[in-house]
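> what follows is a predicted protein model with its sequence.
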Amino acid sequence: MPSTVRDLTPRQIVAELDQYIIGQHEAKRNVAIALRNRWRRMNAPADMQREITPNNILMIGATGVGKTEIARRLAKLADAPFVKVEASKFTEVGYVGRDVESMVRDLVEQAVNMVRAAKKEAVQIRAQQIVEDMILDMLIPSVKSPGVTGGNHLGLEHQDQQLSNGDADAITDSDAELNERTRERFRKKIQSGELDDRKVDIDVHQNSAPSIGVMGGSIDELSMMNIQEMIGGMMPKKGKKRKVTIAEARKILLEEEAAKLIDMDEVKEEAIRKAQDSGIIFIDEIDKIATNRSGGGGGPDVSREGVQRDLLPIVEGSSVNTKYGVIQTDHILFVAAGAFHVSKPSDLIPELQGRFPIRVELQSLSEENFYQILKEPRNALTKQYEAMLMAEGVTLTFDDDALRELAKIAFEVNAEVENIGARRLQTVLSQLLNEFMFDIPDTILSGSTVSVTRALVQERLNGMVKNRDLSQYIL
């Protein structure tokens, strides 16, 4: 069975994560092993594939230490269906809100989009050829037999202009041959973009299905989607004439023709397989549904525990109905994360705890970590600001001493008020650079250089630490 997960080794996965995330090596290692295990299972002997279940991961750590960033980067590395959900958004079955099965339906939807995009890429060349022929038919209708010239209102009246001097002998050819030569000339012009601004009339199909409202009793999310899809399939598609440029026509028609070339039944089957064999669901804020067992029953804790019990069969392995078919969740990898400031992992129901056997505690960020975060990642905030100012033609530079001072101030502010981890760096840099961002390009002109030194950082930011009323800096 071919693998649908990229075959990166654990070391390669960690190396990729290191480009964006500072520290947290234990979390990176466990995530890397879990991702590699997806590939290992799918390349194991067929009789053992169904027996190998994923080791779900619970990441524990304060806000801003990298839990969500690890998940976000994992999604890009996995090349597999991936969804991120917040546990606090779900409600127990029977209450108004999203049920936990919706995360699996979202995963399948993501898989369908991935497979459809891959299929569309595969038929792109064929679809482009069809669209070019359609546009050529609008410009130069094909001649069915020699001597038939009626209807060639655009192409044939301009053929003498389009033929070069070297093609003068073409006038002896049949009308069909002459027409074909002209079509090929126009095809090259369409491909080169020379005719992009010329207007043509095209039919744009729109589904006339009305929006649906439900009166009376509640209806579950899946049933609503099925009803809308069924009514949408019954309603006729309206055709509407639009005059657009050839450039716009190519985009509109390319979408339609590519969709016609794709077998959606095949897409659905492949998407279901992809989601259940290599899908990853990241459940953030799982601590928000933990219950305080020492506080007795009642209140919101009952609903929270209900969400946990609804979540349990999904994580254990069950069948979930989606509008694309039934999916088995046995081999979906679940990665959960929470700060657990108020509650503890042991406040989750024991059955759910047992379904997250790998526990990783992420470390709080040090001043040195802040310095590295400002300097090393490919998407470092300093590099983001440099790119934004470069768009204005202004060069932004940071001295190394300035980066260390920024890290020191961010760390001290986190210690003085609520610790929000690396997100504090956004607050600090915004306070430091906002005046420059406002003055560019009115008083700081294109071609200028803005240098951030340690003295500048101290001048503008030292008040953040000295001032005990820091509410304006708390995110």
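Ah, there it is.
> ok, and for the helix or strand residue 406 falls within, which residues are buried?
In the assignment (DSSP states H and E), residue 406 maps to helix 400-416. Judged by neighbour count using 16 or more other CB atoms under 10 Å, the buried positions of helix 400-416 are 402-414. Every residue, glycine included, has its C-beta placed from N, CA and C.
> before we move on, what about stretch 186-201?
Using 16+ other CB under 10 Å as the test for burial, stretch 186-201 gives 186-187, 189-190, 195, 198, 200.
> residue 243 reaches residue 204, doesn't it?
No - judged on CB atoms under 8 Å, residue 243 makes no contact with residue 204 at a distance of 10.8 Å.
> per-residue confidence averaged over the helix holding residue 406?
Throughout helix 400-416, pLDDT has a mean value of 92.
> chain center to it, what's the gap?
In terms of CA atoms, centre = their mean, to the nearest Å, the centre of helix 400-416 is set 32 Å apart from its chain centre.
> may I see the buried residues of the next helix or strand after that helix?
Note on helix 400-416: by DSSP H and E, the next helix or strand toward the C-terminus is helix 423-439. For helix 423-439, a neighbour-count test (16+ other CB under 10 Å) marks 424-425, 427-429, 431-433, 436 as buried.
> just the CA atoms of stretch 125-135, as CSV, please.
C-alpha atoms of stretch 125-135 as CSV (Å, rounded to 0.1, in the frame of the first residue of the first chain):
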residue,chain,number,x,y,z
ILE,A,125,-3.2,20.7,-18.9
ARG,A,126,-6.2,19.0,-20.4
ALA,A,127,-8.6,21.6,-18.9
GLN,A,128,-6.5,24.4,-20.3
GLN,A,129,-6.7,22.9,-23.8
ILE,A,130,-10.5,22.6,-23.5
VAL,A,131,-10.8,26.2,-22.4
GLU,A,132,-8.5,27.4,-25.1
ASP,A,133,-10.7,25.6,-27.7
MET,A,134,-13.9,27.1,-26.1
ILE,A,135,-12.4,30.7,-26.4
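> off-centre distance for it?
From the chain centre to the centre of stretch 125-135 is a distance of 29 Å (CA atoms, centre = their mean).
> got a list of contacts for it?
Applying CB atoms under 8 Å, 6 or more residues apart in numbering, the contact partners of stretch 125-135 are 120, 187, 190-191, 200, 246, 249-250, 253-254, 257-258, 261.
> among the residues you listed, which pair sits farthest apart?
120 and 200 (23.3 Å; CB to CB).
> which stretches of this structure form strands?
In the chain, the segments counted as strands under DSSP state E are 57-60, 82-86, 199-207, 237-245, 280-284, 319-322, 325-328, 333-338, 358-361, 395-398, 449-452.
> dump those strands to CSV, plus distance to residue 304.
Formatted as CSV, the strands of the chain follow (distance: least, CB to CB, whole Å):
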stretch, distance to residue 304
strand 57-60, 17
strand 82-86, 13
strand 199-207, 40
strand 237-245, 45
strand 280-284, 14
strand 319-322, 22
strand 325-328, 26
strand 333-338, 12
strand 358-361, 20
strand 395-398, 45
strand 449-452, 46
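> so residue 396 makes contact with residue 448?
No - between residue 396 and residue 448 there is no contact under CB under 8 Å: 9.8 Å.
> more neighbours: which of these two?
With neighbours defined as other CB atoms under 10 Å, residue 396 and residue 448 compare such that residue 396 has more, 21 against 17.
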